[in-house]
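*Asks:* next one to model:
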Amino acid sequence: MTLLQSLTTELRRGTLTLAVLSQLRKPQYGYSLVQSLEASGISIDQSTLYPLLRRLEKQELVTSSWDTSESRPRKYYVLSEYGTEIFLQLKKEWKKTSDELSILLQGEEEDESD
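*Replies:* Prediction:
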């Protein structure tokens, strides 16, 4: 893995958590979650998603329940009340950081065009 790939993976790791939390305001099962993320341009492997969902559940940010009404049982995940609070705070923090970085990076672009 190149340095750039490593840094990109590191950068994505935190954003994936926020992306997953954003999609769990309504119950979703793993495959539907992958599809909704990919529809927004965010690709995530199942080998990344399921450990992340287990970690979020352990941190009490999401809860899960099995739906056995279909021929194939599905485990649904949804934000807990605590998870909703954390998600809203993270979203605010993301916007603040994103705005700050945009200002810094815009300054870089202006310097490059001189």
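
*Asks:* what's the burial count for the closest residue to L21 other than its chain neighbours?
*Replies:* Once flanking residues are discounted, L21 sits nearest to F87: 4.4 Å by CB to CB, 6 or more residues apart in numbering. (C-beta placed from N, C-alpha, C; glycine too.) Counted with other CB atoms under 10 Å, the neighbours of F87 add up to 21.

*Asks:* look through the chain and tell me its longest helix.
*Replies:* As far as residue count goes, and with DSSP state H defining each element, the longest helix of the chain is helix 81-113.

*Asks:* any idea how far that one is from the middle of the chain?
*Replies:* A distance of 15 Å separates the centroid of the chain from that of helix 81-113, by CA atoms, centre = their mean, to the nearest Å.

*Asks:* and K26, how many neighbours?
*Replies:* 10.

*Asks:* part of a helix, is it?
*Replies:* No. Looking at K26 with DSSP: H, G, I helix; E, B strand; the rest coil, it is coil, so not inside a helix.

*Asks:* so it touches V78, yeah?
*Replies:* Yes. Counting by CB atoms under 8 Å, a contact exists between K26 and V78, whose distance comes to 6.8 Å.
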